[in-house]
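Enquirer: below is the sequence, then the predicted model.
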Amino acid sequence: MVDLKNKVCVITGSGRGLGIAIAQTLGEAGADIVGCDIRQESLVQMETTLGESGIRVHTVKADVSDEKEAFNCVQEALVRFGRLDVLVNNAAVDITLPLDEMAVKDWDKILAVNLRGPFLLSKFAFSFMKERASGHIVNIVSTASKRAWANAIAYHASKWGLLGFSHALHVEGRKHNIKVTAVVSGGMKTPFLLDRFPDIDTSTLQDPLNVARTVKFILQQPDETVIPEVMVIPMKETSWP
């Protein structure tokens, strides 16, 4: 298994939920963390929490859909730690509305964060990884890329698109010794679901740490092995066959 000690990992949407769980898990394995999030208050709390655990962490306030701010996430890793080994595209948003009630600006926002963001971060990270002939990009995709439910048109479009993007980038990356993995995650006990659906049955959801540990497992695979896609879902997720 590959040792993650001193690996530099950029994680988007790292301020809470799955993002901070991934940061904590990789940090405890010895990685240095660059956390990017649009919420400054979440970044402050993240830096405190991880710092108390002895994890080296640097935070960057950024809107991943903005080209300059996305570039800055990657640049900050290089300036602070001198390298970039892992990019985790985790940031995502959703607006739960039926098609005829969704504003065009809502559609644009969801696609911008969930699909444009990973494209931008991957583009900038890929260039550096290509020069070093080494690196790993992990895209947090969601089961929304495999099935569909009502009132999530834009979210589904973005996640189906991200899954396709991830597999296409996997093909491009292999010849440069860059690994790319799509993590298809099922429902988790995170603010992403709990804030929007306060009455949700939490017994059907999984701990985000379970998904975070899967990300760590993927990153620890030997150099000659890559996992292009993995699905991690709760045992009690009733909407999955």
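Expert: Okay, I see it.

Enquirer: ok, the residue nearest to the spatial centre of the chain - contacts?
Expert: If you average the C-alpha coordinates of the chain and look for the closest C-alpha using C-alpha atoms, centre = their mean, you land on Asn90, 1.8 Å from that point. The contact partners of Asn90, by C-beta atoms under 8 Å, 6 or more residues apart in numbering, come to 11-14, 18-19, 22, 140. All C-beta spots, glycine's among them, are computed from the backbone N, C-alpha and C.

Enquirer: buried ones among those residues?
Expert: Buried subset of these (neighbour count, 16 or more other C-beta atoms under 10 Å): 11-14, 18-19, 22, 140.

Enquirer: restricted to strands, list these.
Expert: 11-12, 140 (DSSP state E).

Enquirer: who does the top strand by length along the chain pair up with?
Expert: Using DSSP E to assign secondary structure, the strand with the most residues in the chain is strand 178-185. Partners of strand 178-185 in the sheet, by DSSP bridges, are strand 135-140 (parallel), strand 229-232 (parallel).

Enquirer: on that earlier part again, of the ones in strands among the buried ones among the contacts of Asn90, closest to Val44?
Expert: Distance ranking of these against Val44, using C-beta to C-beta, places Ile11 first at 15.9 Å.

Enquirer: residue farthest from the centroid of the protein?
Expert: The centre of the chain is farthest from one residue, Asp100, which by C-alpha atoms, centre = their mean lies 29.4 Å away.

Enquirer: can you list contacts of the lowest-mean-pLDDT helix or strand in the chain?
Expert: Comparing every helix and strand of the chain by mean pLDDT, DSSP states H and E singles out helix 191-194 as the least confident one, with a mean of 76. Judged by C-beta under 8 Å, 6+ apart, the contacts made with helix 191-194 from elsewhere in the structure are 16-18, 92, 94, 187, 200, 202, 205.

Enquirer: what's the neighbour count on Leu121?
Expert: When neighbours are defined as other C-beta atoms under 10 Å, Leu121 has 25 of them.

Enquirer: mind checking how far it is from Gln75?
Expert: As defined by C-beta to C-beta, to the nearest Å, Leu121 lies at a distance of 11 Å from Gln75.

Enquirer: which stretches in the protein count as strands?
Expert: For the chain, the strands identified by DSSP E occupy 8-12, 32-37, 57-61, 86-89, 135-140, 178-185, 229-232, in order along the chain.

Enquirer: this structure: helices as residue ranges?
Expert: Along the chain, the segments classed as helices by DSSP state H run 17-28, 40-52, 67-81, 104-111, 117-132, 153-174, 191-194, 208-219.

Enquirer: least confident of those, on average?
Expert: Of all the helices of the chain, mean pLDDT reaches its minimum on helix 191-194 (a mean of 76).
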